[in-house]
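S.K.: just coords:
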């Protein structure tokens with residue numbers, strides 16, 4: 001199983017992905033998410049996927065500004081803006097493998113979004129991302 005350690009590896013593996021390569025081990029959540037977004041844009045070019053950059057360390061002034069602008073703790077990492085299967089869109093919380101932990105505020109918000117008609121899932125691998133997205137769009141993986 002290939003391992004992605006840096007940006008150079010990531011670019012090399014984009015080609016691996018497009019050629020139907022198998023499961024890939026990722027160093028961190030950022031790289032996993034980047035490769036998944038790349039795959040989505042190649043396979044679903046007519047649809048919009050975007051990240052919701054809520055994580056990370058910020059100084060208090062920036063944190064207050066973002067909160068005042070509507071930033072909300074616990075919002076999943078990705079959103080696919082497409083109404084499918086009775087859902088208003090698809091939120092995906094990315095976690096790198098089994099070690100990534102879903103926080104209580106994330107679980108609470110994902111439950112609320114689900115109740116409001118959105119599909120919400122936690123994704124832990126590239127293969128799982130492909131399966132979830134293909135399922136959402138009604139395609140076989």
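M.R.: Okay, I see it. All values reported here derive from a predicted model rather than from experimental measurement. Numbering: from 1, shown residues only.
S.K.: Report the distance from the helix or strand that residue 67 is a member of to the chain centre.
M.R.: Using DSSP states H and E, residue 67 maps to helix 60-68. Here helix 60-68 is found 24 Å from its chain centre; the criterion is CA atoms, centre = their mean, to the nearest Å.
S.K.: Show the model's pLDDT score for the closest residue to residue 37 other than its chain neighbours.
M.R.: Spatial nearest neighbour of residue 37, excluding adjacent residues (CB to CB, 6 or more residues apart in numbering): residue 49 at 5.9 Å. Backbone N, C-alpha and C define where each C-beta goes, glycine included. On the pLDDT scale, residue 49 is placed at 98.
S.K.: ditto for residue 55
M.R.: Reported pLDDT for residue 55: 68.
S.K.: Then the one 10 residues further on?
M.R.: Listed pLDDT for residue 65 reads 86.
S.K.: Next: residue 127.
M.R.: At residue 127, the pLDDT recorded in the model is 90.
S.K.: cool, residue 13 as well?
M.R.: On pLDDT, residue 13 comes in at 63.
S.K.: likewise residue 26?
M.R.: Residue 26 carries a pLDDT score of 70 in this model.
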